[in-house]
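> sharing a model that was predicted from the sequence below.
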2 protein chains.
Amino acid sequence: MEREYVEQIADREDSFSQWYLDVVLRAELADYAPVRGCMVFRPYGYRIWELAQADLDRRFKETGVQNAYFPLLIPESIFKKEAEHIEGFAPEVAWVTHAGQEQLAERYLVRPTSETIIGTMYAKWIQSYRDLPVLINQWCSVMRWERRTVPFLRTTEFLWQEGHTAHRDEADARERTMMMLEVYRAFLEDFLAIPVVPGRKTPNEKFAGAVDTYSVEALMGNGRALQAATSHYLGDGFARVLGIDFLDADGQRKYVHMTSFGLSWRVIGALIMVHGDDRGLVLPPSVAPYQVVIVPIAPEAVRDQVLGEARRLADGLGGVRVHLDDRPEYTPGWKFNEWELRGVPIRLELGPRDLEAGQAVLVRRDDGRRRPVPLAQVAETVQRELAAMQGDLYRRAARFREENTHEAAGVDQLEAILQDRRGFIYAGWCGDGACELAVKERTGATIRCLPLDAPAPSGNCLHCGRPAQHRALFARAY
Amino acid sequence: MEREYVEQIADREDSFSQWYLDVVLRAELADYAPVRGCMVFRPYGYRIWELAQADLDRRFKETGVQNAYFPLLIPESIFKKEAEHIEGFAPEVAWVTHAGQEQLAERYLVRPTSETIIGTMYAKWIQSYRDLPVLINQWCSVMRWERRTVPFLRTTEFLWQEGHTAHRDEADARERTMMMLEVYRAFLEDFLAIPVVPGRKTPNEKFAGAVDTYSVEALMGNGRALQAATSHYLGDGFARVLGIDFLDADGQRKYVHMTSFGLSWRVIGALIMVHGDDRGLVLPPSVAPYQVVIVPIAPEAVRDQVLGEARRLADGLGGVRVHLDDRPEYTPGWKFNEWELRGVPIRLELGPRDLEAGQAVLVRRDDGRRRPVPLAQVAETVQRELAAMQGDLYRRAARFREENTHEAAGVDQLEAILQDRRGFIYAGWCGDGACELAVKERTGATIRCLPLDAPAPSGNCLHCGRPAQHRALFARAY
């Protein structure tokens, strides 16, 4: 059968970024929109998001978080209350200035994030320590004006969730910050099969208005890092400027301590770049819109017979998301390519000779091996192979990360590694933001995080040579 | 036990609209936001929306509709392409004119509805008859600037779903229009227990840009009508101005025929106004965040024993959304009021004397009757009563509608009915928009729809006396 991979998508080794765009567009995950910096999230891609969303949402709810919805527009006067916050976001916000024919008395900004508007409501709702904690999340779109668009990675509007919690004291808020970081870690590793490094951001890299920002960092197939989610301890800064206080059991009025945490459709980009290969997308079974596609090989003479058996096969796969591609206008070979490009975990082929032999041929997307399976054992084999593939994808990604994780004693060595093969690079750091910025300027690499599980630092700062205070994780990042 | 309903919410007979607002705010369904015309959808209310959303979304998917996401902002030049459409929406759109410090070369409007931006993408995606039909829905927020806010009923920003489909010909598009109207009817009646009248809108009342608009109309507890959802046949008007054409099997290029259909968070308002009573919200079990609340009556001496049994009771209610209210700081009487106000379908009371008798007391929200139930039979009784209550609420609403549906032979009679008792009023109509507007000006009543199942019209137009062409459904509406 004809198999022409080469013309469909760019070579992954040759041009990773073109390969990425080709996969996004050809697999119909997203498309460019006639709105600067924006993209359209197409049904096949959106379905991946829905499946991911459902799983993450369930994990949130298990920790007591409830969903709600707050306004899209934030009055300028409210957004301005937190000084660092407005300074960080002002250059990239979209302003609503008119409604109908009328110029508005006060401008509104389209939310780039919702700390201020949600905090304003918390000030009204929270009166007593009995009202705490407040644990709310919202799924919504936010807007940050961008010059360049890369689908899922850099868009003016993006879909995300933002959690916002208020607590009685710092300890409770910090516990929640770390709890949500762990929720993200488990979701990314167990559900999306993406290994991550949880850690704390340096002051240079933290969220505008946060005391501490934590993130989970993943390594993409081209050796660049991607921040997959963040969890912030906000202290009582927002509470003070927004007036979110409460009467504690000791009769004192106190400010709440807050957190926020977010994950966006960037993770779809991460799925592509972590698992994808030369033939296109490779989806972990957990988030595959179709976990199994059945491709009948049905010459005209035996068409009814083959399609009948293919339908029986589909009906027998209870609890599995299965799609029977019975379109007569495309050849089986074309369909193989198409569903490989779209990352479907398992393909079942069924032709006249298979029928005679009482079997189907099972092909896993990640290894491409052809496995004949007796028809009576297909359901059970599919279940087993889906579970195996989920684990194998994680292990393959973890192995790739291991092979692309390095140590650097100094900036020269770090630069050499980056030129040669990229990846995660551990190095000692003195804790001085000036050293961090100097390394960034020279090499383009930033401190992705100070990993939580790093051993005590030894040796010296890669830049200034003073004793290292941290073992930092450097990389070039999206 | 102390029961003070009166102070919590306004009298429903006396002031229905104040009662409505009190229920919205006190049951924590929503709150006013510091953004003109906007509201905050609080967790308890949002959970109702999530449950409704999941059910409606499943119904959509069963008809082949897939979800996607399109940009929030629409360039002015694209929105202007359909003349009727821009004329209808221009007075109420919000304009984004600046990003950061920069004035934009072209203004964007925050979507009030997405026909134009989605159609622009369809023009790119649809080439051949093989690409049809395209069946896409999006869950999102839209914005239409409003002067006055009524939570859920009239807000500047609101959450909704908007479906947009493209078809090979008129017949297929019209079939889809009616199919989605039926999906809404079944969802509203079977899931929300709200009886509706499906019908066609008059030309005066149809959507800006549609050929035909259909709606499902419900009757609220104060005798006013509420349009619960709409389904539009758009013809090929949008296709012509946006260039959505395809190569048909006969080798001809043709324009697609389109539909759109939408339902918003208004249905939360409908739930309140159809099922609510003097004590507050009454939720159909299908959409109740908690279907059962367990209130232990636990004096200090027997507290551990009662709470232990209450927990066992909760654990035994598999598949039911149950909440154990074990807060020590509130009295059982206070909790009874609170959960009645919030509309929880079933309350289970459990006190020391119940324990001795090996029973719990089950109270249904809709009839208030106290039913002692042996502990071993609670799970089964709860299941039965939840199912019964769902049906009873529907029948009660249908009976109310029947009792408040009238006939009017002329405008005088219609006006008298409206002054006296409101409700749905059937009357003959000649089909002339001038008669319709004259009736509206004099009585405030509009033609809600021309019901699909109406018998052939007889008699004369209520206004001009010419022979009636339609049996129209009049009402004052939200």
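Happy to help now that I have it.
> near chain B, which residues of the stretch 251-400 of chain A? Just list them.
Residues of the stretch 251-400 of chain A lying near chain B by Cβ under 8 Å from any Cβ of the partner chain: A:E329. C-beta: built from backbone N, CA, C; applies to glycine.
> which stretches of the stretch 251-400 of chain A form helices?
Secondary structure of the stretch 251-400 of chain A (DSSP state H, counting those that start in this stretch): helices located at A:266-275, A:303-315, A:332-341, A:352-357, A:378-403.
> avg pLDDT for the last one?
Pointing back at helix A:378-403 there. Helix A:378-403 shows a mean pLDDT of 98.
> let me know whether the least confident helix or strand in chain A by mean pLDDT sits next to chain B.
Here the helix or strand of chain A ranked lowest by mean pLDDT, DSSP states H and E is helix A:83-89, holding a mean of 83. No. On the criterion Cβ under 8 Å from any Cβ, helix A:83-89 is out of touch with chain B, staying 9.5 Å away.
> may I see the helices of the stretch 251-400 of chain A arranged in CSV, with mean neighbour count as well?
Shown next, in CSV, are the helices of the stretch 251-400 of chain A (neighbours: other Cβ atoms under 10 Å in any protein chain shown):
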stretch, mean neighbour count
helix A:266-275, 25
helix A:303-315, 16
helix A:332-341, 20
helix A:352-357, 15
helix A:378-403, 17
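> could you dump these to TSV with distance to B:A472?
TSV is the format used below for the helices of the stretch 251-400 of chain A (distance: least, Cβ to Cβ, whole Å):
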stretch	distance to B:A472
helix A:266-275	49
helix A:303-315	48
helix A:332-341	52
helix A:352-357	60
helix A:378-403	56
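> right, and the helix or strand after the least confident helix or strand of chain A?
Next helix or strand after helix A:83-89 toward the C-terminus (DSSP states H and E): strand A:94-99.
> hmm, that next one touching chain B?
Yes. Using Cβ under 8 Å from any Cβ, strand A:94-99 reaches chain B at A:A94, A:W95, A:V96, A:T97, A:H98, A:A99.
> quick one, that strand and strand B:94-99 angle?
Counting by axes from the mean of the first three to the mean of the last three Cα atoms, to 10 degrees, strand A:94-99 lies at 130 degrees to strand B:94-99.
> contacting residues around strand A:94-99?
With contact meaning Cβ atoms under 8 Å, 6 or more residues apart in numbering or on different chains, strand A:94-99 is reached by A:73, A:103-104, A:107-110, A:143, A:145, A:156, B:73, B:92-99, B:108, B:110, B:145.
> still on that earlier bit, among the residues of strand A:94-99 next to chain B, who's most crowded?
Of all those, A:A94 has the most neighbours under the rule other Cβ atoms under 10 Å in any protein chain shown, reaching 25 neighbours.
> okay, and the beta partners of it?
B:A99 (DSSP bridges).
> enumerate every residue touching A:F424.
A:F424 sits next to A:V197, A:E217, A:L219, A:A225, A:R401, A:N404, A:T405, A:H406, A:R448, A:L473, A:F474, A:A475 when contact means Cβ under 8 Å, 6+ apart.
> turn the residues you listed into a markdown table, including distance to chain B.
Below are the contacts of A:F424 laid out as a markdown table (distance: Cβ to the nearest Cβ, whole Å):
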| residue | distance to chain B |
| --- | --- |
| A:V197 | 30 |
| A:E217 | 26 |
| A:L219 | 28 |
| A:A225 | 27 |
| A:R401 | 31 |
| A:N404 | 33 |
| A:T405 | 35 |
| A:H406 | 38 |
| A:R448 | 27 |
| A:L473 | 32 |
| A:F474 | 30 |
| A:A475 | 29 |
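> got a PyMOL select line for the buried ones in these?
The PyMOL command for the buried members of those (criterion: 16 or more other Cβ atoms under 10 Å in any protein chain shown) is given here:
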select buried, chain A and resi 197+217+219+225+401+404+406+448+473+474+475
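> returning to that earlier point: give me the buried subset of the contacts of strand A:94-99.
A:73, A:104, A:107-110, A:143, A:145, A:156, B:73, B:93-99, B:108, B:110, B:145.
> in a strand, A:L414, correct?
No. Read with DSSP: H, G, I helix; E, B strand; the rest coil, A:L414 is helix and lies in no strand.
> count the residues that sit near it.
A:L414 is flanked by 23 other residues according to other Cβ under 10 Å.
> just the one 5 residues further on next, same as before
The number of residues packed around A:Q419, counting by other Cβ under 10 Å, is 9.
> now it: how far from A:R476?
Computed as Cβ to Cβ, to the nearest Å, the A:Q419 to A:R476 distance reads 11 Å.
> repeat for A:Q161
Relative to A:R476, and taking Cβ to Cβ, A:Q161 is found at 27 Å.
> list the residues that contact A:R365.
Applying Cβ under 8 Å, 6+ apart to A:R365 gives the contacts A:V282, A:L283, A:E340, A:G343, A:V344, A:P345, A:I346, A:R347, A:M389.
> if we go to 6 Å?
A:V282, A:P345 (Cβ atoms under 6 Å, 6 or more residues apart in numbering or on different chains).
> so where does A:M121 fall, helix or strand?
helix A:115-125.
> that helix: what's the following helix or strand?
Next element after helix A:115-125 (DSSP H and E): strand A:134-143.
> can you list the strands that that following strand pairs with?
Here, using DSSP bridges, strand A:134-143 pairs with strand A:66-67 (parallel), strand A:157-167 (antiparallel).
> show residues contacting the first one.
Okay, so that is strand A:66-67. Strand A:66-67 is contacted by residues A:I136, A:N137, B:P43, B:Y46 when judged by Cβ under 6 Å, 6+ apart.
> now the first one, which residues is it bridged with?
The bridge-partner assignment for A:I136, based on DSSP bridges, gives A:Q66, A:H164.
> please name the nearest non-neighbouring residue to A:Q227.
Among residues not flanking A:Q227 along the chain, A:S215 sits closest, at 5.0 Å (Cβ to Cβ, 6 or more residues apart in numbering or on different chains).
> got the angle for the strand or helix carrying the one you found vs helix A:266-275?
Element membership for A:S215 (DSSP H and E) is strand A:212-219. When the same axes, to 10 degrees is applied, the directions of strand A:212-219 and helix A:266-275 differ by 40 degrees.
> residues in contact with strand A:212-219?
Strand A:212-219 is contacted by residues A:181, A:184-185, A:194, A:196-198, A:200-201, A:206-207, A:225-233, A:270, A:401, A:424, A:448-449 when judged by Cβ under 6 Å, 6+ apart.
> buried among those? Make that a ChimeraX selection.
The command below creates a ChimeraX selection of those among the contacts of strand A:212-219 that count as buried (16+ other Cβ under 10 Å):
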select /A:181,184,185,194,196,197,198,200,201,206,207,225,226,227,228,229,230,231,232,233,270,401,424,448,449
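> for the residue in chain A sticking out farthest from the centre, give its distance to chain B.
Of all residues in chain A, A:A301 has its C-alpha farthest from the mean position, at 47.4 Å, by Cα atoms, centre = their mean. Distance, A:A301 to chain B, using Cβ to the nearest Cβ, to the nearest Å: 24 Å.
> and A:F246, by the same measure?
Taking Cβ to the nearest Cβ, one finds A:F246 at 15 Å from chain B.
> tally of neighbours for that residue?
21.
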